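# Next one to model:
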Amino acid sequence: MKKIFPIISMIFIIITIPSKTQANSSSLDESQPKPLVLKILIKEAITRNPKIKAAEKEITASSYRIKPAQTLPDPMIELGIKNMGLSQWMIGTDPMSGIGVSISQLIPFFGKLRIQGELSRKEYEFKQLKLEEIKQEVFRQVKQNYFDLFYLHKAVYIYQKQKELVEKALALTETRYSVGRGTQADIFKAQLEISRMDEMIIPMSQMIKAKESSLNLLLDYPPHSPVGIPEQIDFSTFPLSLDQLEETLIRLSPVLKEAEKNTETKEKEIEMAKKNFYPDFKVKAGWEYKGKLTDMYEFMVGMEIPIFAKRKQSLRLKETNVMTESSLLEKISIKNELLMNLNDFFIKAKTAENLIHLYKTQIIPQSQLALEASFAAYPVDKTDFMSLLDDISIQFAAELALYRELNQLWNATADIEAVTATNIFPNLIDTGEAPNDINNFSISDETKKE
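Have a look, this model is predicted:
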């Protein structure tokens, strides 16, 4: 029996370690859910997201304000009757009596209408930039929900594979116990470890549902609509330096452009405040019917007298000057905050990138070798069962950490893309491939290729 048991154990080890062939066959299984493609989600967000659609409506509404702002006020027409006394009809006999009609027009001082139109156009341009900011924010939310969903599916899969491996270790322990070479305590420990896997899988399955609901609501679908499984997201070295990203942010960031547009608007308001020192004019023309007497005609020109300029126009000019200075400082503050956030996102991305490289090249290959050695040593009493369980946990914890850091990398990338309004990994985000099994991304396969 002692000679047969190591042979049975080695057979167990062979069938326990998943091969790449098995992984590929499982990934090609027709029963796999339909893959979720990020590029399609982004396109749907553009056409379906309520916040984006509302911003587009605001742009349309704002475009209708430009022409009215640079158009003259409506003219006023007046009708009147003048009669000397109330006892009798005096029109035609009294020169002061008559039936008159007049029309008047308010004419703002030269340049005011032009500035009002430019202010409305600035508002329209600001709304366009606001739309771009909203789009980038919605894209960020869609991407991060997608990446989180990808990670959660992988995490559940890893815990299920770990559970299967512990169940096989439990079977091995029960076989050893049946021949008097194991302990009942080892069986209980394995059962406890299986329960711990269920403890991790259950909340993560609920988190998957929450992320699917968030993704559906971003696309204006019912929250419980089926979503599918995200495509495999591969690792790629971050291609841009921090200096390049900062230059891109300063050049393309919609938030920074909004601040610049706000400053331009304030400068136009200063120009308008200066124009308000000049009077508006009123032109009036009229005709009065006198009956048998000669008709009367009139033409008048009036103008405002800015006698309260020190109490109104001067203070308004001071206000706009201060607000312009405030907008300049606000622009600097926004720029600094964006650069600070960009620096944080970049550090997170590079940290995740370095950790992914560490897991791929060192930790996971080492943990896999340690696990294989433990499975080989346990049947011949070269290691104890607790060490075997620890090596199983370390192996799958490293696999889970790899995907967690991959998720961190793509989440930080989504943050960077949102603040810089650019797409850093256009080819990697939409791979166009079906989701792969975890073993297709395992370190053992990468090491074998090298």
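
# So residue 92 lies in a strand, does it not?
No - looking at residue 92 with DSSP: H, G, I helix; E, B strand; the rest coil, it is coil, so not inside a strand.

# any idea how far it lies from residue 342?
Counting by CB to CB, to the nearest Å, the gap from residue 92 to residue 342 is 84 Å. Using the backbone N, CA and C atoms, a C-beta is placed for each residue, glycine as well.

# Between those two, point out the one with more neighbours.
residue 342 (20 against 13; other CB atoms under 10 Å).

# downstream neighbour of whichever strand or helix holds the more buried one in the secondary structure list?
According to DSSP states H and E, residue 342 maps onto helix 313-358. Per DSSP H and E, the first helix or strand lying C-terminal to helix 313-358 is helix 364-377.

# So which bits of that next one are buried?
Buried residues in helix 364-377, defined by neighbour count with 16 or more other CB atoms under 10 Å: 364, 365, 367, 368, 370, 371, 372, 374, 375, 377.

# just how off-centre is it within its chain?
With CA atoms, centre = their mean, to the nearest Å as the basis, helix 364-377 stands 42 Å off its chain's centre.

# packing partners for it?
Counting contacts by 3 or more CB pairs under 8 Å, 6 or more residues apart in numbering; DSSP states H and E, helix 364-377 packs against helix 4-16, helix 385-420, helix 443-449.

# Which residue ranges make up the domains of the chain?
Following automatic domain parsing, the chain resolves into domains at 4-72+107-279+309-449, 76-106.

# Mind jotting down where the strands sit in the stretch 1-150 of the chain?
For the stretch 1-150 of the chain, strands defined by DSSP state E, counting those that start in this stretch occupy the ranges 35-36, 76-82, 98-107.

# Sheet partners, orientation included, of the last one?
Partners of strand 98-107 in the sheet, by DSSP bridges, are strand 76-82 (antiparallel), strand 281-289 (antiparallel).

# For the last one, what does the pLDDT average out to?
It refers to strand 281-289. Mean per-residue pLDDT for strand 281-289: 93.

# buried ones in that strand?
Neighbour counts over strand 281-289 (16+ other CB under 10 Å) mark 284, 286, 288 as buried.

# which helix in this structure runs the most residues?
helix 112-178 (DSSP state H).

# Buried ones in the helix or strand just after that helix, by neighbour count?
Next in sequence after helix 112-178, counting helices and strands by DSSP H and E, comes helix 184-218. Judged by neighbour count using 16+ other CB under 10 Å, the buried positions of helix 184-218 are 186-187, 189-190, 193-194, 197, 200-201, 207-208, 211-218.

# returning to that earlier point: rank the helices and strands packed on helix 364-377 by mean pLDDT and give me the bottom one.
helix 443-449 (a mean of 34).

# and the residue sitting furthest away from the middle of the chain, what does it touch?
In the chain, counting by CA atoms, centre = their mean, residue 93 sits farthest out from the average C-alpha position, at 80.4 Å. Taking CB atoms under 8 Å, 6 or more residues apart in numbering as the criterion, residue 93 is in contact with 291, 292, 293.

# Kindly recompute the last result at 6 Å.
Counting by CB atoms under 6 Å, 6 or more residues apart in numbering, residue 93 makes contact with nothing.

# Tell me how far it lies from residue 296.
According to CB to CB, residue 93 and residue 296 sit 15 Å apart.

# Same question for residue 40.
Residue 40 is 76 Å from residue 296, by CB to CB.

# Residue 108 too?
Residue 108 sits 30 Å away from residue 296, taking CB to CB as the criterion.

# Which one of the two is surrounded by more residues?
Counted by other CB under 10 Å, residue 108 and residue 296 do not tie: residue 108 has more neighbours, with 18 against 13.

# Now do the same for that one: its pLDDT.
Reported pLDDT for residue 108: 94.

# ok, back up a step: what separates the longest helix of the chain from the chain centre, distance-wise?
9 Å.

# likewise stretch 342-353?
Counting by CA atoms, centre = their mean, stretch 342-353 comes out at 18 Å from the chain centroid.

# Over to stretch 299-307?
Relative to the chain's own centre, stretch 299-307 is displaced by 55 Å; criterion: CA atoms, centre = their mean.

# With only the CA atoms kept, save it in CSV.
Taking Å, rounded to 0.1, in the frame of the first residue of the first chain, the C-alpha atoms of stretch 299-307 are listed here in CSV:
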residue,chain,number,x,y,z
PHE,A,299,-40.3,112.9,-35.3
MET,A,300,-38.4,112.7,-32.0
VAL,A,301,-35.0,111.5,-30.9
GLY,A,302,-34.3,110.8,-27.2
MET,A,303,-31.4,109.4,-25.3
GLU,A,304,-30.7,108.2,-21.8
ILE,A,305,-28.6,110.4,-19.5
PRO,A,306,-26.3,108.3,-17.3
ILE,A,307,-26.5,110.6,-14.3
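
# Run through who's touching that stretch.
Residues external to stretch 299-307 that are found in contact with it (CB under 6 Å, 6+ apart): 279, 280, 281, 282, 283, 284, 285.

# before we move on, back to that, could you give the angle of the longest helix of the chain to helix 385-420?
Per axes from the mean of the first three to the mean of the last three CA atoms, to 10 degrees, the angle that helix 112-178 makes with helix 385-420 is 170 degrees.

# average pLDDT for helix 112-178?
Across helix 112-178, the average pLDDT comes to 91.
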